[in-house]
Structures are given as C-alpha cells and as structure tokens.
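**Student:** here are the coordinates; sequence isn't available:
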C-alpha cells in the first residue's frame, strides 16, 4: 500500500479517509471519559473525526465514538466547544513561546515599522479591535508587500485579552511575529483552529468563538457587531 494512503485515517462521521493533519483524534481516558487528543500522542485505541466543529458536534450527538473505540464511552454535549478551547490554548501556548524567543513585537508603531522592514511573517490583529485600526494596519501591510517586502499571514481570531495573556502585555490590538520555527508552528495551529471553526484565520467573525467559556458552558465570545461597536473602543487604547 502507498505510504501516503497508509497514513490516512477514516472519519467516523463522513467515513472519508484523509491525512491525520486535518483531523482530531479521540481516545477513551482511564476514567472512561472521552478525551480529545489534539496532538495525537495519547496511548491506546483512537478514533478520528475531520477537524470541523460541526462534525465533532454531530459525532457527539449521534454517539459514534463507542463503535470505533469498541467500548462504551459517552461524549459530552459540549465536546465541540471543548475541542475549540484545546485548539485555542495550543495556539496561544505556541504564541507565548514565540514571544519568549524574541520573535514578537506589539503596538501599532512597532508593528508598522516591522512591516515596513519586510521581516514580518505573521500579523496579529485583535478581532475585537476597532475596524478602522485594522483597516489602517492592513494598508501598511499591503504597501510593504507591494514594495517587495514579505507578505505576512494575517491572523485575526484572538481577542485582545487572549493576546495580552500570551504576549505578557496589556491592551494588545496589533502584534507581529518575525519568521522562525515557532512562528511557523503558530501559523499552522492558527490555520487549523480557523478551519475547525469553518472560517479563515483573518476572518472577523472568528472572534465570536473564544477559548473562554461562561459558567453555562457557552462560548463567551464577542459578536461581530460588538467588535465594530462598543468593544471597538479598545483599539483607541495606548496600543494606537
């Protein structure tokens, strides 16, 4: 059998075989609970679901995991949100490592300067920042690329608070990462998270689902209207 085909896994929902990079693995924990294994490292028998929130929710709703795992296991109703939180935390941990390695800068002026020098691999925009500030930074990035600089990947799926925690700063609206292995790892994880949510990594609507959950287990995100309205005032903080 071809090595590439041998590495593919079958989604328990769609029954399609695809590379594991685009899937989420699940295992039965020692206590009998279903455990998402987003890095595909946990021991034991695993089952796979295509990395889309809707498909994970469907697998939980239809209780498809027991058949694949060949033992009784109950998937929680909020499984899709649990996976989203794990993927988000994985992204932010990688961002924190990139920051510790000296690859990150934050603040409108510093980010604009880094873009003009052409050494930005990833441009981070807080999805709850003011639309006007993001538009202006986007113009800076486009001018830099048109002038022969590197075209940075734009990532706008994290809130200002999430960026604050990962970067150890306050009021982060704009940030940038220089190239490096940690930056590339972060970009790959951000792409995976955005794809899981059914969007793209530069989409404003992605702000509607955050890693933080309220007590009822619902996403405590910011709607697109909020991002462009009252919460948009954050972009007028010292970061600008």
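**Tutor:** Received, thanks. Keep in mind the model is a prediction, meaning the values are calculated, not measured.

**Student:** which element is residue 163 on?
**Tutor:** helix 160-167 (DSSP states H and E).

**Student:** and that helix, what does it pack onto?
**Tutor:** helix 79-100, strand 104-106 (3 or more Cβ pairs under 8 Å, 6 or more residues apart in numbering; DSSP states H and E). All C-beta atoms are positioned from the backbone trio N, CA, C, and that covers glycine.

**Student:** ok, now with 10 Å
**Tutor:** Helix 160-167 makes packing contacts with helix 79-100, strand 104-106, strand 122-125, strand 174-177 when contacts are defined by 3 or more Cβ pairs under 10 Å, 6 or more residues apart in numbering; DSSP states H and E.

**Student:** for residue 7, what are its contacts?
**Tutor:** Contacts for residue 7 (Cβ atoms under 10 Å, 6 or more residues apart in numbering) come out as 1, 17, 19, 20, 21.

**Student:** Helices along this protein, start to end?
**Tutor:** Here the chain has its helices, by DSSP state H, at 3-6, 53-61, 65-69, 79-100, 108-117, 131-146, 160-167, 181-196, 224-228.

**Student:** for those helices, which one sits closest to residue 31?
**Tutor:** With Cβ to Cβ, the closest approach to residue 31 among the helices of the chain belongs to helix 65-69: 14.1 Å.

**Student:** So for that closest one, what gets flagged as buried?
**Tutor:** Judged by neighbour count using 16 or more other Cβ atoms under 10 Å, the buried positions of helix 65-69 are 65, 68, 69.

**Student:** ditto for stretch 21-34
**Tutor:** Neighbour counts over stretch 21-34 (16+ other Cβ under 10 Å) mark 22, 23, 24, 25, 26, 27, 28, 34 as buried.
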